[in-house]
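> Quick check, what structure comes out for this input:
(one chain, ligands or ions: 1)
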Amino acid sequence: MDRKRKHLVRIGAGVAAGLGAVALVWTGVAANAEEPAADDFETKIVGGEPAEEGQYPSLVALGHAGAGTPFERQFCGGTVITETVVLTAAHCLEVVDSPDDLVVFSGSVDLDSEDLVETTVADFHLAHDYNEPVDLANDWGLILLDEPVDAEPIDVGTEPEEFDVLETAGWGNLGDDTYPSVAQRLEVPFVGDDDCEAAYGDEFDAQTMLCAGDLENGGIDSCDGDSGGPIMADKDGELILVGIVSWGHGCAEAGNPGVYAEVADFNGAIDDVLEDWS
Ligand code: ARG
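The predicted model follows:
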């Protein structure tokens, strides 16, 4: 199956499920597919570089269960927060009917690697207040795996404000509607709530979202297919999870930063679910 077609099918499923803001993002990508050379849309995550094997030991990919290669089935990212639990975006799980339809890939940054491990899913949970008070607010969900994965749980939930630069990684759109088999990584400036509100108005909920991007120039961003994956901060040499890839208008456009679910805001709610599952 060709790469572009696979992902249009995937994104189409999200639209069918009635995702308002995601549909908006999708419209941008579709327009771009017809005009690959749009000025406001730079090629290459967008603007990143391949992640090294082992660089993000908590990063995993979500895939549809069933036939096809991992590369063909990947549709979102995720982050391992305990041996058996993956944190991702609610909008990634919203399109999944049953745990049987979902798998998690771990063990390599390369979806084509022989070291890649596919793990089945026992249960998943969407934030109760997902889409409240605005669309895509509280965009987080959890996946309970059938067995432990060979990944390192990340420390969760630092406030982003103390960091100038964050880093994100995933298998999403490179910006030209192609998708890498090796996860891309990217360092991206933190964008404060005031600037993000200026960019997005009421669509931005400062309580549950944070922003990152090169506001002035664009060119670097997460993009479709990166959703659910981590945005992290380097705290004294240790990576800490601060957010979850969620949405944006287009990708890597100047003036339109990437928006991420702000994990520090729902740390407590995550713990409650973990307790239920233990
Ligand atoms: N909604 C997208 C997904 O499902 C992620 C979009 C991130 N967009 C951005 N400009 N940072 O994969």
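> all contacts plus neighbour counts: C-alpha atoms, from now on.
OK.
> And the spatially most central residue of the chain, how close does it get to Gln207?
Residue closest to the average C-alpha location in the chain (C-alpha atoms, centre = their mean): Ser227, at 2.3 Å. From Ser227 across to Gln207, the span is 19 Å (C-alpha to C-alpha, to the nearest Å).
> Thr178 too?
When C-alpha to C-alpha is applied, the distance between Thr178 and Gln207 equals 33 Å.
> Ser181 contacts Asp112, doesn't it?
Yes: taking contacts as C-alpha atoms under 8 Å, Ser181 lies within contact range of Asp112: 6.3 Å.
> So Asp265 lies in a strand, does it not?
No: under the criterion used here (DSSP: H, G, I helix; E, B strand; the rest coil), Asp265 is helix, not part of a strand.
> who's in contact with the spatially closest residue to Glu147 that is not a sequence neighbour?
Closest residue to Glu147 apart from its sequence neighbours, by C-alpha to C-alpha, 6 or more residues apart in numbering: Thr84 at 6.2 Å. Applying C-alpha atoms under 8 Å, 6 or more residues apart in numbering to Thr84 gives the contacts Leu144, Leu145, Asp146, Glu147, Pro148, Val149.
> ok, now with 6 Å
Leu144, Leu145, Pro148 (C-alpha atoms under 6 Å, 6 or more residues apart in numbering).
> Among those, which one sits closest to the ligand?
Distance to the ligand, by C-alpha to the nearest ligand atom, is smallest for Leu144 among these, at 20.3 Å.
> and the end-to-end length of stretch 52-62?
Using C-alpha to C-alpha, one end of stretch 52-62 lies 19 Å from the other.
> Is that stretch positioned near the ligand?
No: residues of stretch 52-62 are not located near the ligand by C-alpha under 6 Å from any ligand atom, the shortest gap being 11.1 Å.
> Can you point out the buried residues in that stretch?
Tyr56, Pro57, Ser58, Leu59, Val60, Ala61, Leu62 (16 or more other C-alpha atoms under 10 Å).
> doesn't Thr79 make contact with the third one?
Looking back up the chat, that one is Ser58. Yes: under the criterion of C-alpha atoms under 6 Å, Ser58 makes contact with Thr79 at 5.3 Å.
> Find me the pLDDT at the residue lying closest to Val165 once chain neighbours are set aside, would you?
Spatial nearest neighbour of Val165, excluding adjacent residues (C-alpha to C-alpha, 6+ apart): Pro189 at 4.4 Å. pLDDT for Pro189: 97.
> What is the burial count for Pro189?
Around Pro189 sit 18 other residues, with neighbours defined as other C-alpha atoms under 10 Å.
> ok, it touching Glu162?
No: if you go by C-alpha under 6 Å, Pro189 and Glu162 don't touch, sitting 11.7 Å apart.
> Please, where are all the strands along the chain?
Per DSSP state E, the chain carries strands over the ranges 49-50, 59-64, 74-82, 85-88, 102-106, 117-126, 141-145, 155-156, 165-170, 184-191, 209-212, 230-235, 238-247, 258-262.
> ok, of those strands, where does mean pLDDT dip lowest?
Taking the mean pLDDT of the strands of the chain, strand 155-156 comes last: a mean of 91.
> of all the strands of the chain, which gets the most neighbours per residue?
Most buried of those by mean neighbour count (mean count of other C-alpha atoms under 10 Å) is strand 258-262; its value is a mean of 29.
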